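Enquirer: sequence first, then the predicted structure:
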Amino acid sequence: MDVGQPNDFLKGTSLYLNYLKQSDHSKELATGSNIHGNVLIHPTASVSPTCVLGPSVVIGPECIVEDGVRIRNSTLLQGSIIRSHSWLETCIIGWRCTVGQWVRMENITVLGEDVIVSDELFVNGARVLPHKSIAQSVVEPQIIM
């Protein structure tokens, strides 16, 4: 496993969350009717109670996750904002990113630092370099420089 590769990073995160569940640290994992599987939410993060999270989700410090968001097998790094009713599956969201409303991101999408994704887009397997704005859907996996 090479955790420098996005797929392996997400797999390693899942294994670590499983370890937390089976160890004395299980109380660090989030609980609730909207939590499915292992989910770790930083105490400074703000997560709407209408979100559905898990399995294998990490939400970092100072993140904001708005109403109706669905996140699976993904990691949000510090200061990221996920606007209402977006869907994230197998994604790594970098520091201080903003994902607009009604966005669907999947297939190991990786956002670098300070990326903005506009409302109502589909992002499929994109690798987006830092400080970019995405204003149109990315249907095929690609690197956005």
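Expert: Yes, it's here.

Enquirer: helix or strand next in line after whichever strand or helix holds Tyr16, which one?
Expert: In this assignment (DSSP states H and E), Tyr16 forms part of helix 6-22. The helix or strand immediately downstream of helix 6-22 is strand 39-41, counting by DSSP H and E.

Enquirer: adjacent strands (with direction) for that next one?
Expert: strand 57-59 (parallel) (DSSP bridges).

Enquirer: centre of the chain to the strand it pairs with, how far?
Expert: 6 Å (CA atoms, centre = their mean, to the nearest Å).

Enquirer: need the distance between the two termini of stretch 79-86.
Expert: 17 Å (CA to CA, to the nearest Å).

Enquirer: typed the wrong thing, it's stretch 64-80
Expert: Using CA to CA, the end-to-end distance of stretch 64-80 comes to 6 Å.

Enquirer: then stretch 47-66?
Expert: Start-to-end, stretch 47-66 (CA to CA) is 6 Å.

Enquirer: what about it, average pLDDT?
Expert: Mean pLDDT, stretch 47-66: 98.

Enquirer: mind listing residues that contact it?
Expert: Applying CB atoms under 8 Å, 6 or more residues apart in numbering, the set of residues contacting stretch 47-66 from outside is 10, 13-14, 17, 30, 32, 34-42, 44-46, 67-84, 101. Where you see a C-beta, it was placed from the backbone N, CA and C, and this is true even at glycine.

Enquirer: the same query, at a cut-off of 6 Å, please.
Expert: 13-14, 17, 34-42, 44-46, 67-71, 73-84 (CB atoms under 6 Å, 6 or more residues apart in numbering).

Enquirer: quick one, which of those residues are buried?
Expert: 13-14, 17, 34-35, 37-41, 45, 68-71, 73-84 (16 or more other CB atoms under 10 Å).

Enquirer: what's the separation between Tyr16 and Gly54?
Expert: 14 Å (CB to CB, to the nearest Å).

Enquirer: which one's more surrounded, these two?
Expert: Per other CB atoms under 10 Å, whichever of Tyr16 and Gly54 has more neighbours is Gly54, with 20 against 14.
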